[in-house]
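In: this one's sequence-less:
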């Protein structure tokens, strides 16, 4: 049996769950003690035959019974209260009865009871009239039935333990015990009992994070048994002083944390009022900022395979990211083969436990999950809780993160017509938006020649023709989709809403690569301005690939390759990277609002006495980090070599005391303050 940590929970329990004996101590199994050892018991020691049931009932009148502290009995020095065995010491009473009442304010929050009992010789225990424990007694036992064996004194007089499913009621409960001697001439009798309660649940899903804002966040998880919900949290792992929860008994736990500080790291644990189910140094999150900051976004699409290839995509990103925190995770739909709940667990919740417990995930609905399954598994904003205009539904919504506005659409199950509910909401939301960046994501791609063809599938045609003009009129920078199990990335497009063969040169505002080290970044004016160009990305290959002609004229690059998309947004620069499952970077491009910031340049590299010093131009007050790798071969990863260094003037340097041999490559990365 698991032992539960008592620290920090006793006060919470005593403040509302139990009254009476339940707030006095903790039992051996870690639960709250309902009836402590040594308690005062009502007892009947007259040799009376009480019959099979009435005396066990809660409303039975035991006012005429005696009372005293346990241990109760006779013939032993440990006895605190002596009971009678009758007038004949050679023909003692066979059965003695005991009763104890205790109060519980929320019986549904308890699913396990733990019993420790001292018995000489045999006993049967009843809770609210139902038998819960029988020890050293025949299965068919009456008033004159002897215990199966005689219990001798000394070392054999020990406490026996048992645990069982709870069946408590709100308010008063009663424990009734009948104690039987092994023979009419037994020289002694002992009885004492401790009853404790707990909510011994096991984690079956999560935790995962939802609706993150600068000051609030929702933690969700699932347990095998129903119980209350409790999240302890704080900025210090050793002092989780914040608490939020729900006393209602459930297996689907949804707890909102409020009053958080923006851009702050919090540790947390999850569980019930009795039990910490999960927690530790890997259970943390960082709240969103109130202003723009360097932001890392991971984008996955169609993660419904649940196999080694999907795992390779995941692991490639984990290795690439290293210690860099992922601020947001965008999921582009299709999270399981057929949308069944157990498939959602296998392909999503059991597949990414590390990411789910640290980073808020923002999904959109795909065609492989029904509305019910999608809505059951996610908690999403409906009233503009995370920024944007209230949509009234979790099927489509919006949210802000720093200086970025995200618009999430549902082209799968919602009306796509101009003037429909989703269209009207999107128009109002975009009109109210004042962020520097605008990213839209949804499942059906407006342009694709992968496993799905945007020239022939009606949902893809409708989203292009009806929502494309709306998005571009409000200056959308990037549109992310899945559905086709490919990677397809467009040129900088505008005002192209027809079929692929109808594309005109004027629909392509920039046909280049968008790469700073090649044809240059895609450049737009600061802020959001209508029809300055949009990049469309199909990133539906995070779980599988499915081919296609891959020849849409809107695309700069089309690949039948598994991987995920990484977005790094810092100030007026958006850097996108497509990372293959092998760890190789296949594509990258940059969107700049205005002009590029001053480039960081290494001005000097000095080698002396086995150490290497790197010197670069810097800006006073900004922070930097030196990254290093040993090879320029494909797949070689940059890794932090220095701590975060803050510049005090225009030149900054750092010495690598133990560079790798025979070669080392260095680069400088600016770190957001």
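Out: It's in. Since the structure is predicted, the reported quantities are computational estimates derived from the model, not experimental observations. Numbers count the residues shown, from 1 in each chain.
In: which residues touch the nearest residue to residue 148 once chain neighbours are set aside?
Out: Counting by Cβ to Cβ, 6 or more residues apart in numbering, residue 148 lies nearest to residue 136, which is 5.1 Å off, once chain neighbours are set aside. Just so you know, the C-beta spots here come from the backbone N, C-alpha and C atoms, and that holds for glycine as well. Shown in contact with residue 136 (Cβ atoms under 8 Å, 6 or more residues apart in numbering): 119, 121, 122, 123, 147, 148, 149, 151.
In: residue 60 contacts residue 44, correct?
Out: No: counting by Cβ atoms under 8 Å, residue 44 is not a contact partner of residue 60; they are 10.7 Å apart.
In: these two: who's more crowded?
Out: Comparing residue 60 with residue 44 by other Cβ atoms under 10 Å, the one with more neighbours is residue 44, at 21 against 16.
In: nearest residue to that one in space, ignoring adjacent ones along the chain?
Out: residue 97 (4.2 Å).
In: same deal with residue 614?
Out: residue 666 (5.2 Å).
In: which residues touch the one you found?
Out: Taking Cβ under 8 Å, 6+ apart, one finds 602, 605, 612, 614, 626, 627, 628, 641, 656 in contact with residue 666.
In: the nearest residue to the last one once chain neighbours are set aside: what secondary structure?
Out: Once its chain neighbours are removed from consideration, residue 656 has its nearest residue in residue 612; the separation is 4.6 Å (Cβ to Cβ, 6+ apart). The three-state label given to residue 612 by DSSP: H, G, I helix; E, B strand; the rest coil is strand.
In: neighbours of residue 612, how many?
Out: Other residues close to residue 612 by other Cβ under 10 Å number 20.
In: bridging residues for it?
Out: Residue 612 forms beta bridges with residue 607, residue 656, as assigned by DSSP bridges.
In: measure it to residue 592 for me?
Out: Per Cβ to Cβ, to the nearest Å, residue 612 is found 32 Å from residue 592.
In: mind checking which helix or strand the residue nearest to residue 614 is in?
Out: Taking DSSP states H and E as the definition, residue 666 sits inside strand 665-671.
In: next, the buried residues of that strand.
Out: 666, 668, 669, 670 (16 or more other Cβ atoms under 10 Å).
In: nearest to residue 323, out of the residues you listed: which one, please.
Out: For these, the residue nearest residue 323 by Cβ to Cβ is residue 669; the value is 12.3 Å.
In: quick one: that closest one and residue 627 touch, right?
Out: Yes: between residue 669 and residue 627 there is a contact under Cβ under 8 Å: 5.7 Å.
In: ok, residue 546 - contacts?
Out: The neighbourhood of residue 546, defined by Cβ under 8 Å, 6+ apart, consists of 450, 451, 484, 485, 486, 560.
In: and those residues as a markdown table, adding secondary structure?
Out: Below are these laid out as a markdown table (three-state DSSP):
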| residue | secondary structure |
| --- | --- |
| 450 | coil |
| 451 | coil |
| 484 | coil |
| 485 | coil |
| 486 | coil |
| 560 | coil |
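In: can you pick the most crowded of these?
Out: Most surrounded of the contacts of residue 546: other Cβ under 10 Å gives residue 484, at 33 neighbours.
In: buried residues, the helix of greatest length in the chain. List them.
Out: In the chain, assigned by DSSP state H, the helix with the most residues is helix 308-321. Buried residues in helix 308-321, counted by 16+ other Cβ under 10 Å: 309, 310, 312, 313, 314, 316, 317, 320, 321.
In: that older thread, for the residue nearest to residue 44, helix, strand, or coil?
Out: Per three-state DSSP, residue 97 ends up strand.
In: so it sits against residue 191, correct?
Out: No: using Cβ under 8 Å, residue 97 makes no contact with residue 191, being 10.4 Å away.
In: quick one, strands of the stretch 251-400 of the chain?
Out: 265-271, 276-286, 295-300, 328-331, 360-363, 397-401 (DSSP state E, counting those that start in this stretch).
In: possible to save those as a markdown table with distance to residue 164, mean pLDDT and mean neighbour count?
Out: Output for the strands of the stretch 251-400 of the chain, formatted as a markdown table (distance: least, Cβ to Cβ, whole Å; pLDDT from 0 to 100; neighbours: other Cβ atoms under 10 Å):
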| stretch | distance to residue 164 | mean pLDDT | mean neighbour count |
| --- | --- | --- | --- |
| strand 265-271 | 21 | 97 | 22 |
| strand 276-286 | 21 | 95 | 17 |
| strand 295-300 | 44 | 97 | 23 |
| strand 328-331 | 42 | 98 | 22 |
| strand 360-363 | 38 | 98 | 22 |
| strand 397-401 | 45 | 98 | 24 |
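In: and the nearest residue to residue 259 once chain neighbours are set aside, what does it touch?
Out: The shortest distance from residue 259 to any non-neighbouring residue, by Cβ to Cβ, 6+ apart, is to residue 215 (6.6 Å). For residue 215, the contact set (Cβ under 8 Å, 6+ apart) comprises 258, 259, 260, 261, 262, 287.
In: identify the residue nearest residue 455 in space, chain neighbours excluded?
Out: That would be residue 499: by Cβ to Cβ, 6+ apart, it lies 5.0 Å from residue 455.
In: next up, phi/psi of the one you found, please.
Out: Torsion angles at residue 499 (phi, psi; degrees, to the nearest 10) stand at phi -90, psi 160.
In: please report how far it lies from residue 310.
Out: From residue 499 to residue 310 the distance is 33 Å (Cβ to Cβ).
In: likewise for residue 516?
Out: In terms of Cβ to Cβ, residue 516 sits 31 Å off from residue 310.
In: and if you look at residue 346?
Out: Taking Cβ to Cβ, one finds residue 346 at 11 Å from residue 310.
In: how many other residues sit next to the closest residue to residue 621 other than its chain neighbours?
Out: Closest residue to residue 621 apart from its sequence neighbours, by Cβ to Cβ, 6+ apart: residue 647 at 6.8 Å. Neighbours of residue 647 under the rule other Cβ under 10 Å: 17.
In: per-residue pLDDT, residue 647?
Out: We have a pLDDT of 83 for residue 647.
In: now do the same contact list for it.
Out: Residue 647 makes contacts with 618, 619, 620, 621, 622, 623, 624, as judged by Cβ under 8 Å, 6+ apart.
In: what do you get for residue 162?
Out: Residue 162 touches 114, 115, 117, 133, 135, counting by Cβ under 8 Å, 6+ apart.
In: do you know the pLDDT at the fourth one?
Out: Residue 133 is assigned a predicted lDDT (pLDDT) of 92.
In: so what's the spatially closest residue to it that is not a sequence neighbour up against?
Out: Leaving aside its sequence neighbours, residue 133 sits nearest to residue 125 (Cβ to Cβ, 6+ apart; 4.1 Å). The contact partners of residue 125, taken as Cβ under 8 Å, 6+ apart, are 115, 117, 131, 132, 133, 134, 175, 176, 177, 193.
In: same thing with residue 538?
Out: 301, 445, 447-448, 450, 481-484, 486-489.
In: wait, residue 492 sits on residue 514?
Out: Yes: the pair residue 492 / residue 514 is scored as a contact, 7.1 Å apart, by Cβ under 8 Å.
In: when the two are compared, which one has more neighbours?
Out: residue 514 (26 against 22).
In: what about the nearest residue to the more buried one once chain neighbours are set aside, how many neighbours?
Out: Excluding its sequence neighbours, the residue lying closest to residue 514 (Cβ to Cβ, 6+ apart) is residue 589, at 3.2 Å. Using other Cβ under 10 Å, residue 589 is surrounded by 26 other residues.
In: right, I'll leave it there.
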